[in-house]
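**Q** no sequence on hand, only this structure:
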């Protein structure tokens, strides 16, 4: 491991807090040091209060912030004198600790200070860096881990036996260090928890972390704890993935994203003695609120395996509870024997966090096994953190849940226009979305954890199958299909209509929709409140001259939707159709085209845009709103319907 500190970059950071932000982000750049909000940093500085008095302030990472992206406002300013007085108390429960730390803040709108604020305060150095470094924690999670840390670092490191974070940890270190000569220490190792380094210089504190972690990584390598994973192949069944996701969603009581990890490392781990090595507990107890203590291990009879997991979790709860309330006992991740792993989350972000944590944990476990055997904390210790009131409070801060949270949508023709608006609105309402388009730019437009763009020729069955596979592997199944892709073919009367024009329209505007239904229907049958929304056209109820190729295809698409409603209704799949017309904020309606069309009708552009019964303009977002309604609660008991979105057309009315 090498330092990322750059003297030239550092000159841009002038104040103590600026430097604290800079080196915190350097730590956050490396996922082997901190993961998803893990770890915390601080700086001791001064501030002038309202009365012109100078106060000693601890700026400590606030709850909910991630070191990789933290800003100055992510650090809670807490009065040092209050924190030091709290350290002298004989006892203090954690809710009171949080309350009094907030009372000691100089900015009431700042985030809650880290639960380790008191610990940061008693360390007599300006900068303090705390990481959950994989290498160090791996060594501590082995038989004889403390002896190995002593062998590695000697007496330059203070070793702290595992104890719950919060006041009890701060109090333990306060008592242990009363007679310690801090200047002789390079850091502290908290067993099964992480590493602390400190210095009066930001760079030196940061680089001491890098130095100590580098030593740990070399120690692991020297002891043969390195991994050489060969190419692995997964033989996972896509429909089974959808079945597992549906079962998990049922157990959790809400739609759940399920991410398959079939990397070489994940498959390799799933082929180990997982009943032994994967059921001991997480790498650090901080992870338990994300991952739960252990995974479900799924074989051929996954329903039975999940039922057994529920029974075991409930027994774990009974064995360790005092007055806590049972959390949902369903697993947060699973190991598919010989085929990789699954991570379950209420949305794609949460599922990806669990996947990331697991990747680091699997590597650490296999290295620990080579170092004498992986040995996690006891179930009682893990339970204490999983049901810790402060950790539960973090889970409750999520706020209201979007309508489509945990659901999976597949949208065609989404690189522009109406499809683009639909995809974005579904994502805003909580969906994980896979967007298909023949335009490769779709992959650049949608490249996020919960939005994936896939280049797809919808006239190709193989392309559609590949897109479905990507959807199911990345999110677990399919709940919503928006069959939107289409083209406007050139205007030609029947007596001159070319074969090419006719066939192109039929292939894209009709047959492609049939192929999409064929490939997605098996997964929709396993979906959560599944729905198909067909985006057809006003040309079905009100065709025009010269538009036979387009109008007939759209009529066929509408009829296809009606038949799909009949065939899929017994499986709970709703199929509804909307007929948009005169949606002018799309790529084909350039200013020039609009101007020419308006002129042909003897209208201004605005009059042309609002040439309907309601005298209103129809936008792509209006269509997207209707799509979401059809996929959601307003149409929960409706199938086979057709709705025009055109401001009212006298030809249709």
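**A** Cool, got the structure. Just so you know, these numbers come straight off a predicted model, no measurement behind them.
**Q** would you confirm that residue 72 contacts residue 19?
**A** No. Counting by Cβ atoms under 8 Å, residue 72 sits too far from residue 19 to count as a contact (10.7 Å). (Glycine included, C-beta is placed from N, CA and C.)
**Q** of the two, who's got more company?
**A** More neighbours surround residue 19 than the other of residue 72 and residue 19, with 21 against 11 (other Cβ atoms under 10 Å).
**Q** distance of the more buried one from residue 78?
**A** 18 Å (Cβ to Cβ, to the nearest Å).
**Q** what of residue 356?
**A** 30 Å.
**Q** neighbour count: those two, which is higher?
**A** residue 78 (28 against 16).
**Q** give me phi/psi at the spatially closest residue to residue 16 that is not a sequence neighbour?
**A** Leaving aside its sequence neighbours, residue 16 sits nearest to residue 45 (Cβ to Cβ, 6 or more residues apart in numbering; 4.1 Å). Main-chain dihedrals, residue 45, degrees, to the nearest 10: phi -150, psi -170.
**Q** ok, now residue 185?
**A** Dihedral angles (degrees, to the nearest 10) for residue 185: phi -100, psi 140.
**Q** show me what contacts the closest residue in space to it that isn't next to it in sequence?
**A** Setting aside the residues directly before and after it, residue 185 is nearest to residue 158 in space (Cβ to Cβ, 6+ apart), at 5.6 Å. Neighbouring residues of residue 158 by Cβ atoms under 8 Å, 6 or more residues apart in numbering: 176-177, 180, 185, 187-189.
**Q** what helix or strand is residue 158 located in?
**A** Element membership for residue 158 (DSSP states H and E) is strand 157-160.
**Q** by contact count, what packs against the helix or strand just after that strand?
**A** Note on strand 157-160: by DSSP H and E, the next helix or strand toward the C-terminus is helix 167-176. In terms of contacts (3 or more Cβ pairs under 8 Å, 6 or more residues apart in numbering; DSSP states H and E), helix 167-176 is packed against helix 80-87, helix 117-122, strand 157-160.
**Q** what number of residues lie near the residue lying closest to residue 207 once chain neighbours are set aside?
**A** Nearest in space to residue 207, with sequence neighbours left out and distances taken as Cβ to Cβ, 6+ apart, is residue 3 at 4.9 Å. Burial of residue 3 is recorded as 13 neighbouring residues (other Cβ under 10 Å).
**Q** isn't residue 3 right next to residue 209, touching?
**A** No. Between residue 3 and residue 209 there is no contact under Cβ under 8 Å: 9.3 Å.
**Q** hang on, the earlier thing: of the contacts of residue 158 - the most surrounded one?
**A** residue 189 (26 neighbours).
**Q** the helix or strand where that residue lies packs against which elements?
**A** Assigned by DSSP H and E, residue 189 falls within strand 187-190. Packing partners of strand 187-190 (3+ Cβ pairs under 8 Å, 6+ apart): helix 145-153, strand 157-160, strand 194-199, helix 202-222.
**Q** might you calculate how far the shortest one sits from the centre of the chain?
**A** Relative to the chain's own centre, strand 157-160 is displaced by 35 Å; criterion: Cα atoms, centre = their mean, to the nearest Å.
**Q** parallel or antiparallel, which strands does that strand pair with?
**A** Using DSSP bridges, the strands paired with strand 157-160 are strand 187-190 (parallel).
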